[in-house]
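> from the sequence below, what's the structure:
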Amino acid sequence: MADVENLIEQLTADPDFLSLSDSEQDQIFEELSGQPASAFRQSLGAISAVAISPLQKVGRVALTG
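As a prediction, the model looks like this:
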């Protein structure tokens, strides 16, 4: 699983990859990892949640003073 995590890190750091459509991203991920695209999408969701979480905290602090 660590190899898949490394692959996801590399792909999500590549602006060219991120500019592709979801279906193109899924296809590339499946070809490189041998894993279903659902694993990739779940990981992206987790990455997004982690990235947004600190921003939500800042927003809450700013709103509540």
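
> just give me the neighbour total for residue 20.
Residue 20 sits with 14 neighbouring residues when counted by other C-beta atoms under 10 Å. Yep, even glycine has a C-beta here, placed from its N, CA and C like the rest.

> repeat that for residue 43.
Residues lying near residue 43 (other C-beta under 10 Å) number 19.

> swap in residue 16?
7.

> so it is in which element?
Per DSSP states H and E, residue 16 falls inside helix 15-18.

> so what touches that helix?
Here helix 15-18 makes contact (C-beta atoms under 8 Å, 6 or more residues apart in numbering) with 11-12, 25, 28.

> rerun at 6 Å
residue 11 (C-beta atoms under 6 Å, 6 or more residues apart in numbering).

> what residues are up against residue 7?
With the criterion set at C-beta under 6 Å, 6+ apart, residue 7 makes contact with 32-33.

> and it, how far from residue 18?
Taking C-beta to C-beta, to the nearest Å as the measure, residue 7 falls 14 Å from residue 18.

> repeat that for residue 24.
Taken as C-beta to C-beta, the span from residue 24 to residue 18 is 11 Å.

> can you count the residues close to residue 29?
The burial count for residue 29: 23, using other C-beta under 10 Å.
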